[in-house]
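Coordinates for the following, if possible.
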Amino acid sequence: MSASGLGRLPIQRNSLREQIAGALREELMAGRLAAGGNFTVKEIAELYGVSATPAREALVDLAAQGLLRAEHHRGFTVPELGWSDFLEIFEARVMLTDSAFRRLAVRPSGYDWTRLSSLRRRAEAAARAARAGQLDVMVGCDRRFWNELSGFLENRRIADYLDWLRVQSWMFAARYLRAREQLAGVCWDRQGELVEQIASRDLAGAHRTVNQYNLFTVRLLAELAGEPLESVTVLPLLLAEPSGEPAAAGSPAPLPAPPPALGR
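Purely as a prediction, here's the structure:
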């Protein structure tokens with residue numbers, strides 16, 4: 001039967017499945033489900049007080065995303081991400097972000113400026129959690145902030161891929177951060193500055209701040225993991241001239257102004 005012969009079928013999301021997957025994802029990001037840990041569908045179902053079906057579906061979803069590893073007759077295992085894994089994750093994130101900013105320099109974003117107030121709230125929450133050193137809160141706030149910010153790139157596929165990379169970055173970083181007695185002031189907390197650069201249509205400034213964030217992140221994790229910073233091949237990208245600010249004479253490419261009624 002051809003697709004044209006089918007009636008319109010209702011598509012429903014299994015919210016329970018998504019809620020369990022979301023909760024487990026934050027557990028993985030915060031390191032509460034430690035690398036190498038193994039658990040079964042039954043254990044997860046009992047933990048969340050649900051039947052086996054949504055628990056299994058959530059675990060299968062996370063395994064399909066590479067955030068868990070399915071083990072035959074043994075349930076699911078949290079993968080152990082090493083420095084080489086993190087380098088791949090980090091380098092992909094940097095190259096993709098750099099390319100997206102440089103694309104904006106020649107084709108400005110048609111960003112929905114009504115989202116600025118929500119972006120500011122996300123930034124405040126993420127910065128507050130970082131300054132307080134609240135890792136369990138930080139991972140969720142950080143992810144929500146960058147997801148909100150990715151709307152500025154106007155490319156859902158890029159945003160989704162960056163989110164997937166961010167989850168894995170936290171999975172790598174969490175075990176080192178959890179080993180520290182004091183996290184207050186250790187993690188990056190300049191989200192508000194980045195938002196204001198976007199609000200003022202300062203593309204070069206926003207690009208530079210994101211580069212500084214990535215440089216801060218990789219320096220911190222290299223130190224915590226006892227790895228050489230020289231192994232990070234994308235460092236030149238982080239130190240390069242930002243998009244919208246050419247080395248030759250000329251004005252930086254501005255971001256488009258929001259409609260007059262949507263002022264800051």
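
per-residue pLDDT, Glu223?
For Glu223, the pLDDT comes out at 96.

go on, Ala127?
Ala127 is assigned a predicted lDDT (pLDDT) of 97.

And Gly250, by the same measure?
40.

Excluding covalently adjacent residues, which one is nearest to Trp83?
Nearest residue to Trp83 in three dimensions, chain neighbours excluded: Glu227, at 4.8 Å (C-beta to C-beta, 6 or more residues apart in numbering). Every residue, glycine included, has its C-beta placed from N, CA and C.

Where does the one you found sit: helix, strand or coil?
coil (DSSP: H, G, I helix; E, B strand; the rest coil).

That one contacts Ser84, correct?
No - Glu227 is beyond contact range of Ser84, at 9.5 Å (criterion: C-beta atoms under 8 Å).

Mind checking which of these two has more residues around it?
Glu227 (17 against 10; other C-beta atoms under 10 Å).

and the more buried one, backbone torsions?
Here is the backbone geometry of Glu227 (degrees, to the nearest 10): phi -110, psi 150.

And it, how far from Val78?
Distance from Glu227 to Val78, counting by C-beta to C-beta, to the nearest Å: 21 Å.

again, but for Leu33
Distance from Leu33 to Val78, counting by C-beta to C-beta: 5 Å.

So which residues of the chain form strands?
Assigned by DSSP state E, the strands in the chain fall at 38-39, 69-71, 75-77.

Out of these, which is the most enclosed?
Compared across these, strand 75-77 shows the largest average neighbour count, a mean of 19 (mean count of other C-beta atoms under 10 Å).

So which other helices or strands are in contact with that strand?
strand 38-39, helix 41-48, helix 52-64, strand 69-71 (3 or more C-beta pairs under 8 Å, 6 or more residues apart in numbering; DSSP states H and E).

Next, format the ones you listed as CSV and append distance to Asp189 and mean pLDDT.
What follows is the helices and strands packed on strand 75-77, written out as CSV (distance: least, C-beta to C-beta, whole Å; pLDDT from 0 to 100):
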stretch, distance to Asp189, mean pLDDT
strand 38-39, 34, 93
helix 41-48, 32, 94
helix 52-64, 29, 96
strand 69-71, 33, 94
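
Count the residues that sit near the spatially closest residue to Val210 that is not a sequence neighbour.
Spatial nearest neighbour of Val210, excluding adjacent residues (C-beta to C-beta, 6+ apart): Thr97 at 6.1 Å. A count of nearby residues for Thr97, using other C-beta under 10 Å, gives 22.
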